[in-house]
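Participant: What follows is a predicted structure for the sequence shown.
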Amino acid sequence: MLLARGGDATVVDGAERLTILDDVDVADRVAILAGSAAFVQPSRGAAAADSLLDALALGIPVVTTDLPAIVEIVTDAAVLVPAGDPAALAEAIRHLLEDASAAERTGLAGADRAKAFTWRDAAEKTWQLHADL
(Lines give C-alpha, C1' and ligand atoms only; values in the text may rest on other atoms or scores of the structure.)
Protein backbone atom coordinates (compact mmCIF):
# COMPACT_ATOMS: atom_id res chain seq x y z
CA MET A 1 0.00 0.00 0.00
CA LEU A 2 1.49 3.34 -1.01
CA LEU A 3 0.15 6.85 -0.63
CA ALA A 4 1.92 9.72 -2.35
CA ARG A 5 0.65 13.27 -2.52
CA GLY A 6 1.83 15.75 -5.08
CA GLY A 7 0.12 19.05 -5.83
CA ASP A 8 -3.61 18.47 -5.90
CA ALA A 9 -3.30 14.85 -6.96
CA THR A 10 -3.28 11.83 -4.69
CA VAL A 11 -1.88 8.58 -6.08
CA VAL A 12 -2.79 5.48 -4.13
CA ASP A 13 -1.71 1.92 -4.82
CA GLY A 14 -3.95 -0.49 -2.88
CA ALA A 15 -6.79 2.04 -2.66
CA GLU A 16 -9.37 -0.67 -1.99
CA ARG A 17 -8.08 -0.78 1.63
CA LEU A 18 -7.34 2.92 2.12
CA THR A 19 -9.58 5.90 2.70
CA ILE A 20 -8.06 9.37 2.77
CA LEU A 21 -9.92 11.87 4.88
CA ASP A 22 -9.04 15.54 5.15
CA ASP A 23 -10.60 18.07 7.51
CA VAL A 24 -13.11 15.75 9.18
CA ASP A 25 -15.69 17.38 11.45
CA VAL A 26 -14.96 16.78 15.13
CA ALA A 27 -18.35 15.14 15.66
CA ASP A 28 -17.56 12.50 13.03
CA ARG A 29 -13.90 11.85 13.88
CA VAL A 30 -14.41 9.39 16.75
CA ALA A 31 -16.94 7.31 14.81
CA ILE A 32 -14.58 7.10 11.84
CA LEU A 33 -11.57 6.25 13.99
CA ALA A 34 -13.45 3.57 15.92
CA GLY A 35 -13.91 1.60 12.71
CA SER A 36 -10.32 2.02 11.53
CA ALA A 37 -7.65 -0.65 11.41
CA ALA A 38 -4.94 2.00 11.83
CA PHE A 39 -4.44 5.75 12.00
CA VAL A 40 -1.74 7.03 9.64
CA GLN A 41 -0.34 10.55 9.89
CA PRO A 42 2.54 10.93 7.43
CA SER A 43 3.48 14.48 8.43
CA ARG A 44 6.47 16.30 7.00
CA GLY A 45 6.01 19.33 9.21
CA ALA A 46 4.12 20.52 12.25
CA ALA A 47 0.79 18.74 12.41
CA ALA A 48 -2.30 19.11 14.52
CA ALA A 49 -2.29 16.59 17.35
CA ASP A 50 -6.05 16.36 17.95
CA SER A 51 -6.74 13.44 15.59
CA LEU A 52 -3.52 11.74 16.67
CA LEU A 53 -4.54 11.94 20.33
CA ASP A 54 -8.06 10.75 19.49
CA ALA A 55 -6.61 7.67 17.77
CA LEU A 56 -4.28 6.96 20.69
CA ALA A 57 -7.11 7.32 23.21
CA LEU A 58 -9.30 4.89 21.25
CA GLY A 59 -6.52 2.31 21.11
CA ILE A 60 -6.20 2.55 17.32
CA PRO A 61 -2.69 1.53 16.17
CA VAL A 62 -0.85 4.65 14.97
CA VAL A 63 1.74 5.03 12.23
CA THR A 64 3.33 8.46 12.06
CA THR A 65 6.56 10.22 11.23
CA ASP A 66 9.53 10.63 13.53
CA LEU A 67 9.36 14.41 13.76
CA PRO A 68 10.42 15.65 17.22
CA ALA A 69 7.04 17.23 18.08
CA ILE A 70 5.19 14.03 17.18
CA VAL A 71 7.69 11.79 18.99
CA GLU A 72 7.19 13.93 22.10
CA ILE A 73 3.47 13.13 21.99
CA VAL A 74 3.54 9.44 21.11
CA THR A 75 6.89 8.42 22.67
CA ASP A 76 6.96 4.65 22.05
CA ALA A 77 3.20 4.23 21.59
CA ALA A 78 3.22 4.40 17.78
CA VAL A 79 5.12 3.02 14.84
CA LEU A 80 7.48 5.80 13.75
CA VAL A 81 8.81 6.15 10.21
CA PRO A 82 11.19 8.70 8.69
CA ALA A 83 9.40 11.74 7.27
CA GLY A 84 9.33 11.66 3.48
CA ASP A 85 9.93 7.91 3.17
CA PRO A 86 6.86 6.39 1.50
CA ALA A 87 8.41 2.90 1.38
CA ALA A 88 8.91 2.87 5.17
CA LEU A 89 5.38 4.24 5.62
CA ALA A 90 3.91 1.52 3.41
CA GLU A 91 5.88 -1.20 5.22
CA ALA A 92 4.76 0.04 8.66
CA ILE A 93 1.12 0.06 7.57
CA ARG A 94 1.45 -3.38 6.00
CA HIS A 95 3.06 -4.74 9.18
CA LEU A 96 0.21 -3.52 11.42
CA LEU A 97 -2.44 -4.83 9.04
CA GLU A 98 -0.81 -8.26 8.78
CA ASP A 99 0.37 -8.73 12.39
CA ALA A 100 -2.62 -8.64 14.73
CA SER A 101 -0.49 -8.94 17.86
CA ALA A 102 1.71 -5.98 16.83
CA ALA A 103 -1.42 -3.94 16.10
CA GLU A 104 -2.88 -4.88 19.48
CA ARG A 105 0.34 -4.00 21.35
CA THR A 106 0.58 -0.67 19.54
CA GLY A 107 -3.08 0.13 20.23
CA LEU A 108 -2.74 -0.71 23.94
CA ALA A 109 0.42 1.39 24.24
CA GLY A 110 -1.39 4.28 22.55
CA ALA A 111 -4.40 4.08 24.85
CA ASP A 112 -2.05 4.11 27.83
CA ARG A 113 -0.05 7.06 26.45
CA ALA A 114 -3.22 9.08 25.78
CA LYS A 115 -3.96 9.07 29.51
CA ALA A 116 -1.16 11.63 29.90
CA PHE A 117 -3.22 14.15 27.92
CA THR A 118 -6.43 14.73 29.87
CA TRP A 119 -8.21 18.06 30.22
CA ARG A 120 -8.12 17.64 33.99
CA ASP A 121 -4.35 17.22 33.94
CA ALA A 122 -3.96 20.25 31.67
CA ALA A 123 -6.12 22.34 34.00
CA GLU A 124 -4.17 21.23 37.07
CA LYS A 125 -0.83 22.05 35.41
CA THR A 126 -2.14 25.46 34.33
CA TRP A 127 -3.45 26.15 37.84
CA GLN A 128 -0.10 25.14 39.34
CA LEU A 129 1.78 27.35 36.87
CA HIS A 130 -0.29 30.36 37.90
CA ALA A 131 0.13 29.49 41.58
CA ASP A 132 3.92 29.31 41.15
CA LEU A 133 4.02 32.76 39.51
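Facilitator: Perfect, I can see it now.
Participant: how about the strands of the protein, start to end?
Facilitator: 2-6, 9-13, 39-41, 62-65, 79-81 (DSSP state E).
Participant: Give me the contact list for the fourth one.
Facilitator: What it means is strand 62-65. The contact list for strand 62-65, computed with CB atoms under 8 Å, 6 or more residues apart in numbering, reads 38-44, 52, 55-56, 70, 74, 77-83, 89, 92-93, 96, 106, 110. Placement of C-beta: from N, CA and C, glycine included.
Participant: what about burial for those residues, which qualify?
Facilitator: 38-43, 52, 55-56, 70, 74, 77-81, 83, 89, 92-93, 96, 106, 110 (16 or more other CB atoms under 10 Å).
Participant: Okay, and which of the residues you listed map to helices?
Facilitator: If you go by DSSP state H, the buried ones among the contacts of strand 62-65 have 52, 55, 56, 70, 74, 89, 92, 93, 96, 106, 110 in helices.
Participant: So for the fourth one, what's the nearest residue that isn't a sequence neighbour?
Facilitator: Here the nearest residue to residue 70 in space, its sequence neighbours aside, is residue 64; by CB to CB, 6 or more residues apart in numbering that works out to 5.3 Å.
Participant: Same question for residue 109.
Facilitator: Nearest non-adjacent residue to residue 109 (CB to CB, 6+ apart): residue 77, at 4.0 Å.
Participant: what about the nearest residue to residue 73 once chain neighbours are set aside, neighbour count?
Facilitator: Of all residues not flanking residue 73 in the chain, residue 49 sits nearest, at 5.6 Å (CB to CB, 6+ apart). When neighbours are counted by other CB atoms under 10 Å, residue 49 registers 16.
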